[in-house]
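S.K.: the sequence and its predicted three-dimensional model are supplied below.
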Amino acid sequence: MDKRKIYIGCMALALSLCSSSVLAQGETEDSLINVAFGKVAKEDLVYAVSSVNMSELSKKTANNGSLSNVSSYIGGYNGNIWGQGALVLIDGVPRDASMVKGSEVESVTVMKDAAAVALYGSRASKGVILITTKRGKVSPLSIDVRGNVGWSFPKVFPKYLDSDCYMNLYNEARTNDGMTPLYDDATIYNASLGTNPYRYPSVDFYSKDYLRSSKFNVNATAEVHGGTEKTRYYLNLAVDYNNSLIKYGEHENGKDFTFNVRGNVDMTLAQWLTASTNAAVIVNDYNTGRGDYWGNAASMRTNLEGQFAPLLPISMMDPNNATIQDYIATSNHLIDGQYLLGGSTSYQSNALSEALVAGYTRQKYRKFLFDVAVRADLSGITEGLAFKTAFSVDYNTHFSEAYALPYAVYQPTWGTINGKDMIVGLNKINEDKSSTSEYVGQATYHQTMMFSAQFDYARTFAENHNVSANLVGWGYQQQYSADSNHSGEGAYHRTSNVNLGIRAAYNYAHKYYVDFSGNVVHSAKLAEGKRNAFSPTVTLGWRLSNEKFMENATWLDDLRITASYANLAQDLDISDYYMYKADYQFGPSYGWYQWADGSVGGSTASSRKGANDELTFIHRKEFRVGLDAALFNRMLKFNFNYFNQTTSGLLTQGSSTIYPSFYNSGLGNFLPWKNYNEDRRSGFDFTARMDKKFGDWEVGVGFSGMVYASKALTRDEVWEGDYLYRKDHALDASWGYVCEGFFNSQAEIDNSPKQTFGGTVRPGDLKYSDLNGDGVIDSKDQKDLGKMGWEAAPFTFGVNATVKWKNFTLFIAGNGQTGAYGYKNNSYYWNRGTSKFSEVVLGRWTEATAATATYPRLTAGDGTNNFQNSTFWMYKTDRFTLNNVQLTYDLPKSIFDHIFIKGLSVYAGGNDLVMFAKEREYMEMAVGAEPNYRSFYFGFKVNM
């Protein structure tokens, strides 16, 4: 990079941060909305921006997540914004939302349209979630203390077959495949009796032998705030503790402990100069036993292959076998003085033995966040001019302390002595070893540095002409590094973002609005000459309710329409650096050439991709129309946004239609990356709210939602049938097979198209439609089966309600979706080979159940024919979830007249309480992972 470009980059960094707006008459600080680099009066907000006052919400709910319940208030937001993953900013700095507690948050602003996020540059081109923390105000010292205790109960556990049932059905699976049964009748019978679980184990990882009925949580928060005209302060201290659901072995001591402290200070240094600083420290310790407990729970068969039990009782071992007695005498791990650890050559370790003797891991997370900003009022130069600059630095580190012990397990040989089951032989596998020292695992480091500066101008001329402008520069850099681990592997990566923006806005009497924003973005992912781009946006607004022809509509308090167009350049969808460059690899695996004389020759270089110096930015081109209305003395409020967004220039290597086939041949891959593909996302979001007070009652109800559609407009693709093209289908379309049911006879198989997924097709297997009529079922018989809702379901919605009566407050929040589909294609449903059988296989196809079967025939093979994404495994993901309910009682303030306490509230509530869905059990089930929870809590809040 030459000196001139370095200078331009530095100038861009030297001009950045906040946007301002002339306040409408009657507007106060409480009626301002946080937007890109500043605040805007609600009356003058012309972007698709929605905000939730989290400070007010915290009076009704004790949820402590920074984004808790936001989806119940804001249409178009479901974790994504208009179907795309957004940039999260905390106090204007790119940070993870988990870095701030809900009790620290003043407001959450969801910036949806391209015009609203343009000043943030490329990294914000898919939307922004702006989290703003609380600040002190001019007031006497005030202290708020909140404490909660709660219990989290697993919603649902996977249900797996008992040992004897599994063995019966596995024998059936082998018989179906033409093999002999593996388990004899005596083994199955003894397992069914359950009289000797050590010889005939039936291990249930979800039983009370290993799990508590619930997890326990306790958290407490103290907030201290106040200040004078010179200095305002806000301090937040919080602790949070959770124990482990697993009570077995070292897991019983598992805990998740977090301590947070945040301090925000604002200072008036002079009449024209203010400064602010924020600092936060987060300490998190997560302790657990070793072993993948939840992974084993979903994969280890209940009978443990009939080879061993997790624990082998010494009381059942042959006392006359010298070898066995020597093992007992020399073992370092006699569990409770009564058991040796069971195992086999196939299972030399498992989650249960790991939990008992292998040691522990202690994960340590440390985070430090620091911001400082200075604002100068330059009205002495010209009225309405101001300058602000800010700097921030974050450090985020993680390392683990671990204690690990190698240990021996024993595979038993059972016999019968004097009519009793007895272990007559042990095969020792591995050795017990001792250690007194911990070791430190791989340490990782994340650093974020942000610098910004900006000039703001806001002024009113002749009472009605309101003008504002901003010259904004913003840049940040994120670095990730990792120390070498035990394998000697380390890592380093850096991501940078820099942009220079300008905004000019005008409104006449808060009735007619025009807003222009432009941003110069820079990307090091592109070749020289292609690294800079300009992103323009324009927004118009018209407040119809202020027109004379609306004077008689006394029921209408406010009616405003807005429209915007934007063309944002972004490199977010350029996945790596140097994609414009050619790339070569060297070695015998990539190319080998003989000399012309026939001698051996040698290895040579081979191309991995071609060069394209014309590779450029991807563009988000968006048109939006918005409507805001308030009726009946603002009892009813409504917001609506229609959006049509095209993402053009997405990358492809053009192997299907752009470049000839010899570009990718045995001589190497010469295909370059090219801007070609194009997507569209469109739809509308809405938010409606009613607030009414009558007598001792106050009622507020909100309903929000989004109707969403997407389409692939351009694709580099070639298929044999028109119905296979991805173009003109949804971006989240799933392609699969149409299932016609089960084959019920060999004759039906013989007279049907040949299915080519592998293995022998037998009666009880799934039968698929031959869509192209070629007599063969293969990938050319797939079709679009429906939208999966990966980005957003066709319809998402949220509801919230607040009912107050005297000193009682009831708060309810929920969200849901309709129109999307999913597949039951995890290991719980796709039981194949020697996998763990779940209860769904009880509905298997047999000759006797052919008319009522709900599951294919069992097989001891891989079941590839049956385990394809098809209509057989599809289900609707329609649901409504009641996320939060809380009842609060505020004690009368009169009882605190003569003491230091100013107010006290007590409350009880629950989170993730109920899901209404046809497939509720499956959607709430976690397979191979910790369960999803339903939580209940009690707490208090006191103000002093």
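M.R.: That came through fine.
S.K.: only alpha carbons, please: show stretch 242-253 as CSV.
M.R.: Output of stretch 242-253 as CSV, limited to C-alpha atoms (Å, rounded to 0.1, in the frame of the first residue of the first chain):
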residue,chain,number,x,y,z
ASN,A,242,-25.5,-22.5,38.2
ASN,A,243,-24.8,-26.0,39.3
SER,A,244,-24.8,-29.1,37.1
LEU,A,245,-27.7,-31.3,36.2
ILE,A,246,-25.3,-34.3,36.3
LYS,A,247,-24.6,-35.5,39.8
TYR,A,248,-22.3,-38.4,38.9
GLY,A,249,-18.6,-38.4,39.7
GLU,A,250,-16.7,-35.1,39.2
HIS,A,251,-19.7,-33.7,37.4
GLU,A,252,-21.4,-33.4,40.8
ASN,A,253,-19.0,-30.5,41.5
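S.K.: chain center to that stretch, what's the gap?
M.R.: A distance of 25 Å separates the C-alpha centroid of stretch 242-253 from that of its chain, computed with Cα atoms, centre = their mean, to the nearest Å.
S.K.: strands paired with the strand or helix carrying Val467, and their directions?
M.R.: Using DSSP states H and E, Val467 sits in strand 465-482. The strands beside strand 465-482 in its sheet (DSSP bridges) come out as strand 444-461 (antiparallel), strand 491-508 (antiparallel).
S.K.: quick one: average confidence on the last one?
M.R.: Think strand 491-508. Taken as a whole, strand 491-508 carries a mean pLDDT of 88.
S.K.: now stretch 464-478
M.R.: For stretch 464-478, the mean per-residue pLDDT is 94.
S.K.: how about stretch 695-709?
M.R.: 96.
S.K.: which residues touch it?
M.R.: Contacts to stretch 695-709, defined as Cβ atoms under 8 Å, 6 or more residues apart in numbering, come from residues 72-78, 82-83, 681-693, 730, 791-806. Placement of C-beta: from N, CA and C, glycine included.
S.K.: can you select the buried ones among those for me in ChimeraX?
M.R.: A single ChimeraX command selects the buried members of the contacts of stretch 695-709 (16 or more other Cβ atoms under 10 Å):
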select :72,73,74,75,76,77,78,82,83,681,682,683,684,685,686,687,688,689,690,730,791,792,793,794,795,796,797,798,799,800,801,802,804
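S.K.: which ones among the contacts of stretch 695-709 map onto strands?
M.R.: Using DSSP state E, the members of those that fall in strands are 681-693, 795-805.
S.K.: now stretch 88-98 - C-alpha only, CSV.
M.R.: Once non-C-alpha atoms are left out, stretch 88-98 reads as follows in CSV (Å, rounded to 0.1, in the frame of the first residue of the first chain):
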residue,chain,number,x,y,z
VAL,A,88,-24.0,-6.5,17.4
LEU,A,89,-22.7,-3.3,18.9
ILE,A,90,-22.5,-2.6,22.6
ASP,A,91,-22.1,1.1,23.2
GLY,A,92,-21.0,1.4,19.6
VAL,A,93,-18.3,-1.3,19.7
PRO,A,94,-18.5,-4.7,18.0
ARG,A,95,-19.0,-7.1,20.8
ASP,A,96,-20.9,-10.3,21.6
ALA,A,97,-24.3,-9.8,23.2
SER,A,98,-23.3,-12.1,26.0
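S.K.: how far off centre is it?
M.R.: 15 Å.
S.K.: likewise for stretch 402-418?
M.R.: Average the C-alpha atoms of stretch 402-418, do the same for its chain, and the two points are 41 Å apart (Cα atoms, centre = their mean).
S.K.: so which bits of that stretch are buried?
M.R.: In terms of neighbour count (16+ other Cβ under 10 Å), stretch 402-418 has its buried residues at Ala402, Tyr403, Tyr407, Ala408, Val409, Tyr410, Gln411, Pro412.
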